[in-house]
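> Any chance you could fold what I've pasted below:
(2 chains)
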Amino acid sequence: MSEYLLDMRGIVKDFNGVKALDGIDLKVRAGEVVGLCGENGAGKSTLMKVLSAVYPHGTWEGEVFWEGKELKAKTIRETEEAGIVIIHQELMLVPQLSVAENIFMGNEITFPGGLMNYAAMYKRAEELMAELKMPDVNVALPVHHYGGGHQQLIEIAKALNKKAKLLILDEPTSSLTKSETEILLDIIRDLRRKGVACVMISHKLDEIAAVCDTVSVIRDGTHVGTRAMSEMDTNEIITMMVGRQIKNLFPREEHPIGEPFFEARNVTCLDVNNPARKRVDNISFKLRRGEILGVAGLVGAGRTELAMAIFGCYPGQYEAELWLDGKKIEIDSPRAAVTQGVCLVPEDRKRHGIVPLQGVGANITMAVLETYAKFGVIDAESELHQIGKSIERMRIKTASPDLPIRGLSGGNQQKAVLSKMLLPSPKVLILDEPTRGVDVGAKYEIYKLMFELVRQGLSIIMISSELPEVLGISDRVLVIGEGQLRGDFINDGLTQEQVLTAALGAVGMAA
Amino acid sequence: MTTATRNLKRFFSQYKVLALLIAIVAIWSFFGYITDGAFLTSRNFSNLLRQMAITGMLASGMVFIIISGEIDLSVGASLGLLGGVAAILDYTYHMPMAVTIAIVIALGIFIGLFNGYWVAYLRVPSFIVSLAGFLAFRGILLGITKGTTVPLDSQGLILIGQGYLPIAFGNMLGLVVFLLLAFLTYRTRSGRAKHGLSVAPMWQDIAKLVIVAVVIAGFVTALNQYEGIPVPVLATLIILGIFTFIANSTVFGRRIYSIGSNLEATRLSGVNVRLIKMLVFGLMGLMAAFAGLTTTARLAAGSPSAGTLGELDAIASCFIGGASSRGGVGTVYGALIGALIMASLDNGMSMIGVDSFWQMIVKGSILLLAVWVDVISGAGSER
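Numbering: from 1, shown residues only, chains lettered A, B, ... in the order given. As a prediction, this is how the structure comes out:
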């Protein structure tokens, strides 16, 4: 009846009253490649989770029609049986098992009685590999023998084996090298010829432009528009993605900015699992005294890795040359960083910020506890005095400093983590997504505090995925894309389009 | 889930100590009834506490290991080794008592730090490191004693395991401890009041102190009715005091809890987490040395099988006493109450002539139950 393979209508999904999706439509024809674009947090992944029944039918509103019939899937298995297969950004392969075993995981070909029929599985796996133009892959070898690009294709083989009619690829190229990406895009074109449709979520607009037939753009959970790729270029996609005005949520205050005093030279980080790939590729920058330096870029661009390398906690191999006040400094651990005046408020508050079972007070004084102690014995009085001051200054709402910090709201936890990292009196404060999961009121207070700090001569490096925040707060903006420094802008009349363009690398540098 | 079970859960998580004390009262009443009161004589009470002292020493060190999120399976074997070394130094080499004790303590700390170095710096899981020690330390012990029991010469050393405090001294000690606790309560109250923090109602603190007074008086009187406070019990109580102080009032103690609750966040706050971990194992080694000396002194000999399964009793005591298998939670007094429960079960079941295989089954079941209580009382709070 319908000309569409998939027709999602008016999808609404809310989390505790916050609408992540607010009436989204998405249509896909058989054998069509649709690019799904949107800023960080626009709702792309949520939409795909609705489609693949990670959020079962009934937990969201709207209708999904699949091959003309309404689909009311409760489990991922049902959607997979229908032919919808999602390939997540983090691959779901078991590295120690063979290529064939991974492809047939959960769908093993067996003899009666349950014994694995390896001969049949190997044969079928080889056919699939040939179909994906990888005939030289040995399907009996464990998956970890192959690199990221091959693994991505093995995931696709797994999906094809499930007779997928629609493949959803979530940032499929984010961990691939250039040549591996080319191969993947070729495969997608090939699948299209065989009638397999594809939804591709990607921040890399050149890839979207290269492979997609139509592009759907969503923003803040609403559907902005769907157009044929042949009718537009990447700049128009960017305009559609941004398309909103900055409201005055940002208490920008004038403050004097001094000379450069901190410098990071040639920061390079190699991917932990795929050392052939550079997460951060030879980035150098200078920081001025009293400056707020915004670091913009898309998720996975390498901003957090850059911060971790400077703070001495990047888990993989890395290089970084750091200079502070004209002297070269060695930072090989967070301890070395903190004692030399570099502090980091990490992005993942729950995992890296708070010690959940300990009191708010103990969390605040954690980095400088030794200063309240004589011979290792804590002077409870002077510690309490400082805790009281920090709680008052940051207006942390807690009934008592003894209460475990995990009971506090996100905003109050963030303020506590911030005060923890201010007590060592840093010269450089790195804030990674300082307002993530923080309510509007607390956001405003955090911005106010940032301006107070820079007026006192501290310098702040703020990594943020929210462009309005970057533009509303920063004095200068670094733009990072695919591990490289794509732009260094003075924030004077800078627009979201300029930043996003630089981040996507669609057009050359703007300044 | 029904409200009844939820209430029960809340009760257990909020008043863990109370639940433990109720358990002790239940166990003691049960054995007291079965044995027609023989279990509740002051002689048996003294005996029971001396039994508990060695497990208690190990549990005091073990609880820090568990709080920091690790485990140490080697302490039973290192207890045996250190006790054996003490006996050899005393009997074969006729070392003065002070020298013997100093060497054994130094060796104990060294063994602990060695384990800790493997765990913290060489990143071998503590389960494996201590399992290796479990085998190797026992092997060394068998090697140096050639599998025979080594008797003790020094009467001073034997006194450590078998001596009692003079009765008057015991009474005075009880009074001093009570006054100290009363003073600490007062100081905490005034300190908190000064910073405008909430202070528990006066009646609550007074009630607590009254209960403490009754417990101390009962404890001292009961032991004095027999021969006085046994030396190993005194040692355990001193360890309890010092370790509780370490846990609550020192940088080191705060770090142990912090590491167990969230290692990464602690590291990213600029804390040298490896050093802390290694030191925790060092402290465990020190406790193994104390326990080893006490064991050897009590038996008046170094036995090649001393301390067998001691690590399991210690670990079980910690979990029964409310330490969390996920790390970050636990108290020294809890671990000691756990050790008391274990010792009561051992002692009581031996008295009524229960076969030792039953004792193992009962202790195993109690360990399983204790950790299960921890898991269900923690399940809701993980969110």
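> Please report phi then psi for the residue in the stretch 1-150 of chain B positioned nearest to chain A.
Proximity of the stretch 1-150 of chain B to chain A (C-beta to the nearest C-beta) peaks at B:Ile67, 10.1 Å away. Every residue, glycine included, has its C-beta placed from N, CA and C. Main-chain dihedrals, B:Ile67, degrees, to the nearest 10: phi -60, psi -40.
> ok, it touching B:Ala323?
Yes - with contact defined as C-beta atoms under 8 Å, B:Ile67 reaches B:Ala323; the gap is 6.3 Å.
> pLDDT wise, what is B:Ala132 at?
In this prediction, B:Ala132 carries a pLDDT score of 97.
> Can you say which helix or strand has it in it?
helix B:126-145 (DSSP states H and E).
> Tell me the helix or strand right after that helix.
strand B:150-151.
> Quickly run through the sheet partners of that following strand, with directions.
In the sheet, strand B:150-151 lines up against strand B:301-302 (antiparallel) (DSSP bridges).
> show me what contacts the residue of chain B found nearest chain A?
Nearest to chain A, among the residues of chain B, is B:Gly270, at 3.3 Å (C-beta to the nearest C-beta). By C-beta atoms under 8 Å, 6 or more residues apart in numbering or on different chains, B:Gly270 lies in contact with A:334-335, A:337-339, A:367, A:424.
> redo that, cut-off 6 Å
Listed by C-beta atoms under 6 Å, 6 or more residues apart in numbering or on different chains, the contact set of B:Gly270 reads A:334-335, A:338, A:367.
> Just the buried residues of those residues.
A:334-335, A:338, A:367 (16 or more other C-beta atoms under 10 Å in any protein chain shown).
> filter these down to the ones close to chain B.
Among the buried ones among the contacts of B:Gly270, the residues lying close to chain B (C-beta under 6 Å from any C-beta of the partner chain) are A:334-335, A:338, A:367.
> Which members of the residues you listed occur in strands, if any?
Of these, none are assigned to strands by DSSP state E.
> so which of the residues you listed comes closest to A:Arg192?
Using C-beta to C-beta, the shortest approach to A:Arg192 within these belongs to A:Pro334, at 48.0 Å.
> Looks like the closest one contacts B:Val271 (just checking).
No - look at A:Pro334 against B:Val271 with C-beta atoms under 6 Å: they stay out of range, at 8.2 Å.
> and B:Glu264, how many residues sit next to it?
When counting by other C-beta atoms under 10 Å in any protein chain shown, one arrives at 17 neighbours for B:Glu264.
> again with A:Pro424
By other C-beta under 10 Å, 19 other residues sit near A:Pro424.
> One more: A:Tyr372?
19.
> do the same with A:His352
Neighbours of A:His352 (other C-beta under 10 Å): 21.
> From what I see, it and A:Pro346 are in contact.
Yes - counting by C-beta under 6 Å, A:His352 touches A:Pro346, with 3.8 Å between them.
> What residues does chain A have near chain B?
Checking chain A against chain B by C-beta under 6 Å from any C-beta, the hits are A:334-335, A:338, A:352-358, A:366-367, A:369-370, A:373, A:376-378, A:381, A:384, A:388, A:400.
> from these, which would you call buried?
Among the residues of chain A next to chain B, the ones that count as buried (16+ other C-beta under 10 Å) are A:334-335, A:338, A:352-358, A:366-367, A:369, A:373, A:378, A:384.
> hmm, back to that, tell me the one among the buried ones among the contacts of B:Gly270 nearest to B:Asp374.
Distances from B:Asp374 to those, taken by C-beta to C-beta, are shortest for A:Ala367, at 30.1 Å.
> can you give me phi and psi for the closest residue to the closest one other than its chain neighbours?
Leaving out its chain neighbours, the residue that sits closest to A:Ala367 by C-beta to C-beta, 6 or more residues apart in numbering or on different chains is B:Ser269, at 4.4 Å. Backbone dihedrals for B:Ser269, given as degrees, to the nearest 10, come out at phi -90, psi 10.
> So B:Ser269 sits against A:Met366, correct?
Yes - B:Ser269 is in contact with A:Met366 according to C-beta under 6 Å; the separation is 4.6 Å.
> would A:Tyr447 count as being in a helix?
Yes - counting by DSSP: H, G, I helix; E, B strand; the rest coil, A:Tyr447 is found in a helix.
> how many neighbours does it have?
22.
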